[in-house]
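In: could you look at this predicted model? Sequence included:
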Amino acid sequence: MKHFALVGNPNSGKTTLFNSLTGSTAHVGNWPGVTVEKKKGTYKKLNEPISIIDLPGIYSLSPYTSEEVISRNYILNERPNCIINVIDATNLERNLYLTTQLLEIDVPIVVALNMIDQVNKNGDQINVEELEKKLGVTVVEISALKEKNIDVLMEKAYKESFKKREGRTIIDDKDLSNLINKIKIAFEEEKVENPLFHSLKLIELDELEKKDYGYLLPMVDEFKNTFKNDLFGTDFEALIADSRYKYISQNFSPLLIKKQKNKFETKSDRIDRILTNKWAGIPIFLVILFFIFHLTFSENLFFLGGLFKNVAPSFEGSIFEGLLWTKEGINSPGVILTNFLTSITDWISSLIENGLDNLVESNAINPGIASFINNGVVGGLFAVIGFLPQILCLFLFFSILEDSGYMARVAFILDRIFRRFGLSGRSFVPMIMGFGCSVPAMINTRTLADENEKTATIRVIPFFSCGAKLPILTAIAGGIISLVNLGNVDFITYSMYLLGMVVAIVTVIIMRHTTMKGEVPPFIMELPSYHIPQFKALMLHLWDKTKHFVKKAFTIILASTIFIWFLQSFSWNWTYLPEEEMSKSILASIGQLIQPIFTPLGFGSQLTSVGWVFAVAAITGLVAKENVIGTFGVLAAAIVIGFVPPEDGTETIEGLSAVKALIDTTGITIPALLSFIAFNMTTIPCFAAVASAKAELPKTKFKGTIIFWLVTSFILSCAIYTIGTWWWTSFIFIAVLVIACFVIKFVNQYLERRN
Ligand code: GDP
Ligand code: MG
């Protein structure tokens, strides 16, 4: 099958084009560096199917970053039948820099002038005919986003793919051209493919070329002795880069006809003056984040509860009460959706339960089977699925922030501050991706050049609480509120997310000053311009998330809950136990065995006889974090035999109320519950994330990473529990932290002096 490669700068719209061409749903983000792997898809509207490859974004073909190496090797070794060079037409000059290098390779090229919709909107114009003439390749104006002209682009690329194209360079310095030619001939004699490209790269003294074709270097050196450039001496790499830029500004820049000379700052600039302000930037980010949590979790929307109380009585008895509001206030969209879904799942589970009860009474089935279906399957599954609306809600908001271009600003703001602590804004890109899922976030760290920075980043990615951890947060926060009738779910979840971020920052600082020392590489990220997020793209994100979640619920989570059900329903000699006797089950004995480990964290031996469920839940979370709540769902029914549901009779034991009931029966305290959340958030992540960490980390660092997760989560949770229970212990923790900082400082000074 013919294959075409999409090559272009980061954020030029390659993935958007890829998705439009192939109907895929690869992640598109409005910041550079989202695609770090190559992706494949098929375009089917031509005479034959064409394989399309989305390569990582690059600014040049030099070998300095892994993206550059991946893309360059693909083009040279896999020989695509045509390169589609995707260009952000709103940034014509910068994007053409890469084009001038691609032209030197002997491969058919079509230039896709993308984002032409934006260019037209700005009132600008590009002289395409002239551009085509100067480049010597076909140029097509497209909009990947609006799917404009993309079929034309493919037809032209298809046509080109039958032709042979010989590389040519725009470098016209006479002496340099002579050298290029001489070396090119040497390469041709050796029958090396792409002689022109290799010749130029060798002259640039590119590391990869030096390794492969070092025997031709004497020729370059000989030339160097006779060559003298006033500006660059014999730094050929700089010299060549300079001639490219000169050529672009002389020949291509005039082809962009601006509507008016843009003396004023653009709208993006004006917004950025506020959003990326030195002082206001972070507070604004925190406020935006809070509102996202507020809209997702609050049961007192915009804090109107006080006012609402006055009018609430006039709505009393409405069927929407409970769904849209409660006596305490108006529900947020996230809560409304959750209530809606829970009312459906509650209804289904009560139908199933009643049906099974009848069957058991008439002796049609064994009570064990009924319990298996009720608790093992339905209970665990629904406990988890009930959180889908809030997960999606949170994601929708995060996607909006990302797609609008704001998240790129956050990385920029944070870079400015954290550079001092040994962190670059580049490492915040994968960290913030961690809010979605740790797996792609860890893969994204491939772009971090400094190995120690990469390791430190991978270690803290799980602290950026992912979607799967959300049920733990929400359910337990809900439980805490029912316990004390104080605070709001949104406050608790928001604080926990912040806590995760703070722990990440603190531990990175510690690592970067001890075991993971290294330079902070410069962070050059061009801020993408703001745009209104595209409805279609947002829906694709959400749809992807839903598919992933539902698939996981019905496979790994279901399997785990069934497994848990078996362990809690049988004793060691394989006799089935009725619910009241769960304390004799295999699970109970295992739980009781590991329970003491968690005593310092507040959810260990100090709980009542059924308190081991917390220990078990924490362990099941290692498979998938949703399992924590799934496990509660399975165990709740058996544990809370003595639990009296609220008198209004609206709540069944599934979902949120399972956790509330557990809290009541186990006697767990609020500090211990917070410690439980913190533990699950920061300890070893799920299997999938651990596997990614293992794949991405250097071999020697993996074991240390597991230990790091265990130690961090234990210290953090222990601190939360002890300080929450005995406030004065905070002095001890602060003292230890201060002493640790001093020790690190002195050791570092000592080491420095010794060197
Ligand atoms: P990549 O880094 O090259 O893969 O770029 P992406 O496909 O991730 O796109 C970067 C940003 O540009 C996203 O926010 C897209 O929505 C936006 N974008 C892509 N194509 C177009 C287009 O044709 N017009 C406009 N206005 N925006 C686009
Ligand atoms: Mg991409």
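Out: That came through, no problem. Ligands and ions are numbered 1, 2, ... in the order given.
In: where along the stretch 251-400 of the chain do the strands fall?
Out: In the stretch 251-400 of the chain, the segments counted as strands under DSSP state E, counting those that start in this stretch are 256-257, 325-326, 329-330.
In: ligand 1: which of the ones you listed is closest?
Out: The closest of the strands of the stretch 251-400 of the chain to ligand 1 is strand 256-257. By CB to the nearest ligand atom, the value is 16.6 Å. The way it works is simple: take the backbone N, C-alpha and C, and place the C-beta from them, glycine included.
In: how about the helices in the stretch 601-750 of the chain?
Out: 612-620, 627-639, 656-666, 670-682, 687-696, 699-725, 729-754 (DSSP state H, counting those that start in this stretch).
In: comparing these, which comes out most buried?
Out: Among the helices of the stretch 601-750 of the chain, ranked by average contacts under mean count of other CB atoms under 10 Å, first place goes to helix 627-639 (a mean of 29).
In: okay, angle between that helix and helix 670-682 too, please.
Out: Helix 627-639 runs at 140 degrees relative to helix 670-682, counting by axes from the mean of the first three to the mean of the last three CA atoms, to 10 degrees.
In: one step back: select from the strands of the stretch 251-400 of the chain the stretch with the lowest mean pLDDT.
Out: Mean pLDDT is lowest for strand 325-326 among the strands of the stretch 251-400 of the chain, at a mean of 74.
In: can you check which of the helices of the stretch 601-750 of the chain gets nearest to residue 19?
Out: Evaluated with CB to CB, those place helix 687-696 nearest to residue 19, the distance being 23.3 Å.
In: neighbouring contacts of the closest one?
Out: Outside helix 687-696, the residues that touch it by CB atoms under 8 Å, 6 or more residues apart in numbering are 437-439, 442-443, 445-446, 454, 458-459, 461-462, 622-624, 684-685, 702, 705-706.
In: among those residues, which are in strands?
Out: Using DSSP state E, no member of those falls in strands.
In: from the stretch 151-300 of the chain, which residue is nearest to ligand 2?
Out: residue 153 (17.2 Å; CB to the ion).
In: ok, the nearest residue to that residue once chain neighbours are set aside to residue 113 distance?
Out: Of all residues not flanking residue 153 in the chain, residue 140 sits nearest, at 4.5 Å (CB to CB, 6 or more residues apart in numbering). Using CB to CB, to the nearest Å, we find residue 140 at a distance of 7 Å from residue 113.
In: wait, residue 166 sits on residue 105?
Out: No - counting by CB atoms under 8 Å, residue 166 sits too far from residue 105 to count as a contact (9.8 Å).
In: overlap in contacts of the two?
Out: In contact with both residue 166 and residue 105: residue 196, using CB under 8 Å, 6+ apart.
In: where does the stretch 401-550 of the chain get nearest to ligand 1, residue-wise?
Out: residue 403 (5.4 Å).
In: that residue and residue 538 touch, don't they?
Out: Yes - taking contacts as CB under 8 Å, residue 403 lies within contact range of residue 538: 6.8 Å.
In: the more surrounded of the two?
Out: residue 403 (21 against 17; other CB atoms under 10 Å).
In: so how many other residues sit close to residue 728?
Out: 8.
In: ok, back up a step: of the helices of the stretch 601-750 of the chain, give the one that comes closest to ligand 2.
Out: helix 687-696 (19.0 Å).
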